[in-house]
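Asker: let's see this in three dimensions:
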Amino acid sequence: MKYSSLVAAAGFAVAALATPALAADISGAGATFPYPIYAKWADAYKKETGVGLNYQSIGSGGGIKQIQAKTVAFGATDAPLSGADLDKAGLVQFPMVMGGIVPVINLDGVAAGELVIDGPTLAKIFMGDIKTWDDAAIKSLNPNAKLSSTAIVVVHRSDGSGTTFNFTNYLAKVSPDWKSKVGSATAVEWPAGIGAKGNEGVAANVAQTKGAIGYVEYAYAKQNNLTFAKMKNKDGQVVAPEIKSFQAAAANADWSSVPGFGVILTDEPGADSWPITAATFILIHKQPQDPQQVAEALKFFDWAYEKGTAMAEELDYIPMPANVVTQVEKVWATEIKGADGKPLFTASN
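Answerer: Residues are numbered from 1 along each chain as shown. Have a look, this model is predicted:
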């Protein structure tokens, strides 16, 4: 999908969000990382059931705030909350889908997958220490590429973002300088560059700016025909962003080992592993203010787990493994309850 087409689609989605919701519609807000697949699932689910999903793609920080304020049935975040934060807010957290975060560039004469970047070099670029595309560090990784002296324009998120959390988490793992000077969070004090809102905003800015580099969820790179870079992973292997490399990074995840299934998948070992892989999570109150809407939301998520696999893979997201879905749905059935104390979800739903 061309950038102009994606803007048109996003505009349509925004217009739809502005329409008064039907009583049965489900409200959610948060991460832009999963927006393409949530939109795809929502369209298919409405055709099948008549129930709509009004999802505001506003960033993980906004999603966390909205669910804490109880203004939506669910929040969505790519930066998992800690067990203590979940308990304090009375929330259940579970992973919905996984994907890859990729460096995207706009550089004349360089096609998708032609440029290779490693973690330390990526950190230096985003710190502003590497200023032009013909820098020696980039040349050493790409000895056969024709690199110009074009100035590098760093594009980063301006909003609270789980994509930023995972991206900076990776940079902190591979660069001591980044870890000590910038750190890892949903929002950081960026040493260089210009800010843009959402994965959508970063994709748009990179598409429009010569010499730009940014980071987006892979579906945005794919839909906008952006030039992505390959990366050198923890094992020293050069890998491309694709479902196989995302799956390799997620293969050994122990989801039950962390409260709220909050596993971080950056810089995972393995010859085929994509280094910046991430899960995206849903947040729901254990005792929701609107039990009927939350029950509908759980039906939607159950449907997405069961029937949304092929749609997720079409956009290069990784569906959650069946054993993890079983664990998640046990949590729904035991922890999310109505005012009468009865569970809002059972396996027979």
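Asker: rest of the way, CA atoms for contacts and neighbours
Answerer: Fine.
Asker: quick one: distance of the top strand by length along the chain to the chain centre.
Answerer: Once the chain is assigned using DSSP state E, the strand that runs over the most residues is strand 91-105. Taking CA atoms, centre = their mean, to the nearest Å, one finds strand 91-105 lying 3 Å from the centre of the chain it belongs to.
Asker: for the strand or helix carrying residue 330, which outside residues touch it?
Answerer: Here residue 330 sits within helix 322-335, counting by DSSP states H and E. The set of residues external to helix 322-335 that reach it, using CA atoms under 8 Å, 6 or more residues apart in numbering, is 92, 94, 255, 286, 305, 343, 344, 345, 346, 347.
Asker: for the spatially most central residue of the chain, helix, strand, or coil?
Answerer: Compute the mean C-alpha point of the chain, and by CA atoms, centre = their mean the closest residue is residue 33, 3.0 Å away. Three-state call for residue 33 (DSSP: H, G, I helix; E, B strand; the rest coil): coil.
Asker: which residue packs closest to it, ignoring adjacent ones?
Answerer: Counting by CA to CA, 6 or more residues apart in numbering, residue 217 is the residue found nearest to residue 33 once chain neighbours are left out, at 5.6 Å.
Asker: wait, the one you found sits on residue 100?
Answerer: Yes: between residue 217 and residue 100 there is a contact under CA atoms under 8 Å: 5.8 Å.
Asker: now for the residue lying closest to residue 115 once chain neighbours are set aside, how many residues are close by?
Answerer: Spatial nearest neighbour of residue 115, chain neighbours left out: residue 229 (5.1 Å); criterion: CA to CA, 6+ apart. By the criterion of other CA atoms under 10 Å, residue 229 has 23 neighbours.
Asker: now do residue 229 against residue 45, distance only.
Answerer: Relative to residue 45, residue 229 is positioned 34 Å away (CA to CA, to the nearest Å).
Asker: for residue 296, same thing?
Answerer: From residue 296 over to residue 45 the distance is 11 Å, taken as CA to CA.
Asker: thinking residue 210 is in contact with residue 107, fair?
Answerer: Yes: with contact taken as CA under 8 Å, residue 210 and residue 107 are classed as touching, separated by 6.1 Å.
Asker: neighbour count winner among those two?
Answerer: For residue 210 versus residue 107, neighbours defined as other CA under 10 Å are more numerous around residue 107 (20 against 16).
Asker: so that one makes contact with residue 211?
Answerer: Yes: using CA under 8 Å, residue 107 and residue 211 qualify as a contacting pair, with a distance of 5.2 Å.
Asker: end to end, how far does stretch 258-275 reach?
Answerer: 20 Å.
Asker: contacts for that stretch next, please.
Answerer: With CA under 8 Å, 6+ apart as the contact definition, stretch 258-275 has outside contacts at 80-83, 86, 92-95, 100, 166, 169-170, 173, 231-237, 239-241, 244-250, 253-255, 276-279.
Asker: what does stretch 337-349 give?
Answerer: The contact list for stretch 337-349, computed with CA under 8 Å, 6+ apart, reads 286-288, 291, 294-295, 298-299, 329, 332-336.
Asker: just the CA atoms of it, as CSV, please.
Answerer: C-alpha atoms of stretch 337-349 as CSV (Å, rounded to 0.1, in the frame of the first residue of the first chain):
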residue,chain,number,x,y,z
LYS,A,337,-15.5,-10.8,36.8
GLY,A,338,-18.7,-8.9,36.8
ALA,A,339,-20.3,-7.2,39.9
ASP,A,340,-21.9,-10.5,40.8
GLY,A,341,-18.5,-12.2,41.0
LYS,A,342,-19.1,-14.4,38.0
PRO,A,343,-16.5,-14.7,35.3
LEU,A,344,-17.2,-12.7,32.1
PHE,A,345,-15.6,-15.3,29.9
THR,A,346,-15.8,-19.1,29.7
ALA,A,347,-14.2,-21.4,27.2
SER,A,348,-17.7,-22.0,25.7
ASN,A,349,-18.1,-18.3,24.7
